[in-house]
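# here is my input, please return the structure:
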Amino acid sequence: MVIGLSASFASSQQRCDRRHGSRPGYEHRGRHHRSPYFVSENKVYFDGREIEGASASSFSILRDGYAKDTWNVYYCGAKIDGASSNSFKVLGFGYAKDTWNVYYDGGKIEGASSDSFNILSDWYAKDTWNVYFDGKKINGASPDSFKVLRDGYAKDRWNVYFDSIKIEGASPDNFNVLHDGYAKDTWNTYYFGRKID
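Next up, the predicted model:
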């Protein structure tokens, strides 16, 4: 028996390609239609390579490049050392967690609190003590007041950010995102986080 499993896997494949690099000359044909994971009888494959030691009978394909079996968790076909299969959950935007740790693109986020970790949107996330973007802590951002706006913009009580970078001089009190990367406050207009007047 051969089992092919699919969902929306285009983004997970792109993430895996970015992290591990595509093989030269290899074309990803129709990748948006199928998962790079494949289970066949007693073997599990990722992108055409067998995952050594994976349990085909208990293998479960998750999202964002993650998968698990009874004993282990995998990201892009590679085992995540120390991850708990029993409590592992994919959160979205490449983030996942188990009882003890938080992960981004398969790597552990040092110091992140699994108990209080929440996904916001646009690759932003936070826990009780910190705010994260693309798996990295945003130094000085306030999780209590942090709010994702849209198009990469976000703000807290004191600052405005674009893709986690603080926009110097921008006023969070009256900052408004317009459209197509434009935003403004009382004094300035911004384009993709850069002041333009």
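# skipping adjacent residues, who's closest to Ile109 in space?
Excluding its sequence neighbours, the residue lying closest to Ile109 (CB to CB, 6 or more residues apart in numbering) is Val102, at 4.7 Å. Where C-beta positions appear, they are placed from N, C-alpha and C, glycine not excepted.
# gap between the one you found and Asn130?
Going from Val102 to Asn130 by CB to CB, to the nearest Å gives 10 Å.
# pretty sure Phe146 contacts Ala154?
Yes - between Phe146 and Ala154 there is a contact at 6.6 Å, judged by CB atoms under 8 Å.
# on that earlier part again, overlap of the contact sets of Val102 and Asn130?
Both Val102 and Asn130 are contacted by Ala112, under the criterion CB atoms under 8 Å, 6 or more residues apart in numbering.
# that older thread, Phe146 and Ala154: which is more packed in?
Using other CB atoms under 10 Å, the more surrounded residue of Phe146 and Ala154 is Ala154, with 26 against 20.
# contacting residues for the more buried one?
120, 122, 124, 146-148, 160-162, 164.
# repeat the analysis, applying 10 Å as the threshold.
Contact analysis of Ala154 by CB atoms under 10 Å, 6 or more residues apart in numbering lists 120-122, 124, 131, 133, 138, 141, 146-148, 160-164, 172, 175, 177.
# so for Phe146 and Ala154, which residues contact both of them?
By CB under 10 Å, 6+ apart, Phe146 and Ala154 have these common neighbours: 120, 124, 131, 138, 161.
# once you drop chain neighbours, what's closest to the residue nearest the centre of the chain?
Closest to where the C-alpha atoms of the chain average out (CA atoms, centre = their mean) is Gly94, at 2.0 Å. Leaving aside its chain neighbours, Gly94 sits nearest to Asp105 (4.8 Å; criterion: CB to CB, 6+ apart).
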